[in-house]
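A.B. asks: Turn this into a model:
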Amino acid sequence: MSTNHPVVTRDRWLTDRQALLAREKELTRLGDQIARERRALPWVRIEKDYVFDGLAGPRTLADLFGGRSQLLVQHFMFPPEWAQGCPSCSFMADHTDAMNVHLAQRDVTLVAVSRAPLAQIERFRQRMGWQFDWVSSAANDFNRDFGVTFAPEERVRGQVHYNYRMQAFPQDEAPGVSVFYKDDTGAVCHTYSTYGRGVEVMMGTYRLLDLTPKGRDEGVHEGMAWVRHHDRYEGASSASSCCSAKR
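C.D. replies: Coordinates of the predicted model:
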């Protein structure tokens, strides 16, 4: 037990807990309002013909919906020159298989997209034991168009356009989540994308850690450096994150 944390009576605890509950309810209501505003955003029709490499062969963006009208894309950081996918993106993906059966009940398909060749993706997916759909965008501009891959000359200039603003970024790849809608005619629209800490929507583990006394237990400059591929925690010898070192 921490020696400097207050320990009080149950009645005092309840008083403080009720005050915090009021704040939590404010946050919940604000979250609901922002979700309504998010759904009210205008859409952008997709005019470019993106073709992805998947296990069943070439697939268009419309094909990725899998017969549903809503598509979630995880922009998974895994360029061709890396031997394995980003640990932090893998942390996100560790939550996917359990969610997919429920997402399907709400007319949603979730697919991961990376620039690595399909064979490279498949080796890593098999190693990690994942079942979700994962396709390669190596032959198209999807990653560039949706702001998660940067040309070397952009980084040489010192700033890239990421998360809707110009900023310095330590890698050629970045994480993100994008959302698309397909209507009855087959037309596809882009409805939403989120980047930076917005991708925490996929990290259910963080939501539980936020309830605990130690919280995320991350140092000021550490961030997600503690995260490993789930088959690498035992005996891990060095800290790295998707935004600190190439693999």
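A.B. asks: Pretty sure residue 97 sits against residue 133.
C.D. replies: No - contact criterion CB atoms under 8 Å: residue 97 and residue 133 do not qualify, at 10.6 Å. Quick note: C-beta positions are derived from backbone N, CA and C, even for glycine.
A.B. asks: Looking at these two, which is more packed in?
C.D. replies: With other CB atoms under 10 Å as the criterion, residue 97 and residue 133 differ in neighbour count, and residue 133 comes out ahead with 19 against 13.
A.B. asks: got a list of what the more buried one touches?
C.D. replies: 54, 64, 66, 109-112 (CB atoms under 8 Å, 6 or more residues apart in numbering).
A.B. asks: with the residues you listed in mind, which one is nearest to residue 201?
C.D. replies: residue 110 (11.3 Å; CB to CB).
A.B. asks: quick one, phi/psi of that closest one?
C.D. replies: Per-residue torsions, residue 110: phi -120, psi 130 (degrees, to the nearest 10).
A.B. asks: And the one 4 residues further on, by the same measure?
C.D. replies: With angles defined as degrees, to the nearest 10, residue 114 sits at phi -140, psi 160.
A.B. asks: and the residue positioned nearest the centre of the chain, which of the three is it?
C.D. replies: Most central in the chain under CA atoms, centre = their mean is residue 199, positioned 3.9 Å from the mean C-alpha point. What DSSP: H, G, I helix; E, B strand; the rest coil gives for residue 199 is helix.
A.B. asks: Serialize the contacts of residue 133 to JSON lines and add fields for distance to residue 129 and neighbour count.
C.D. replies: Below are the contacts of residue 133 laid out as JSON lines (distance: CB to CB, whole Å; neighbours: other CB atoms under 10 Å):
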{"residue": "54", "distance to residue 129": "19", "neighbour count": "17"}
{"residue": "64", "distance to residue 129": "22", "neighbour count": "23"}
{"residue": "66", "distance to residue 129": "21", "neighbour count": "13"}
{"residue": "109", "distance to residue 129": "20", "neighbour count": "21"}
{"residue": "110", "distance to residue 129": "17", "neighbour count": "22"}
{"residue": "111", "distance to residue 129": "18", "neighbour count": "24"}
{"residue": "112", "distance to residue 129": "14", "neighbour count": "22"}
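A.B. asks: circling back: gap between the residue nearest to the centre of the chain and residue 76?
C.D. replies: Applying CB to CB, to the nearest Å, the value for residue 199 to residue 76 is 10 Å.
A.B. asks: Need the overlap of contacts for the two.
C.D. replies: Joint contacts of residue 199 and residue 76 (CB under 8 Å, 6+ apart) are 92, 175.
A.B. asks: what's the neighbour count on the nearest residue to residue 95 once chain neighbours are set aside?
C.D. replies: In space, and not counting its chain neighbours, residue 95 is closest to residue 204: 5.0 Å by CB to CB, 6 or more residues apart in numbering. Counted with other CB under 10 Å, the neighbours of residue 204 add up to 14.
A.B. asks: Contacts only, for residue 152.
C.D. replies: residue 172.
A.B. asks: Show the contacting residues for residue 190.
C.D. replies: The contact partners of residue 190, by CB under 8 Å, 6+ apart, come to 43-44, 46, 146, 178-180.
A.B. asks: Name the nearest of the contacts of residue 133 relative to residue 21.
C.D. replies: Nearest to residue 21 out of the contacts of residue 133 is residue 110 (CB to CB; 32.4 Å).
A.B. asks: Point me to the helix or strand that includes the closest residue to residue 179 other than its chain neighbours.
C.D. replies: Spatial nearest neighbour of residue 179, chain neighbours left out: residue 192 (4.3 Å); criterion: CB to CB, 6+ apart. For residue 192, the host element (DSSP states H and E) is strand 188-195.
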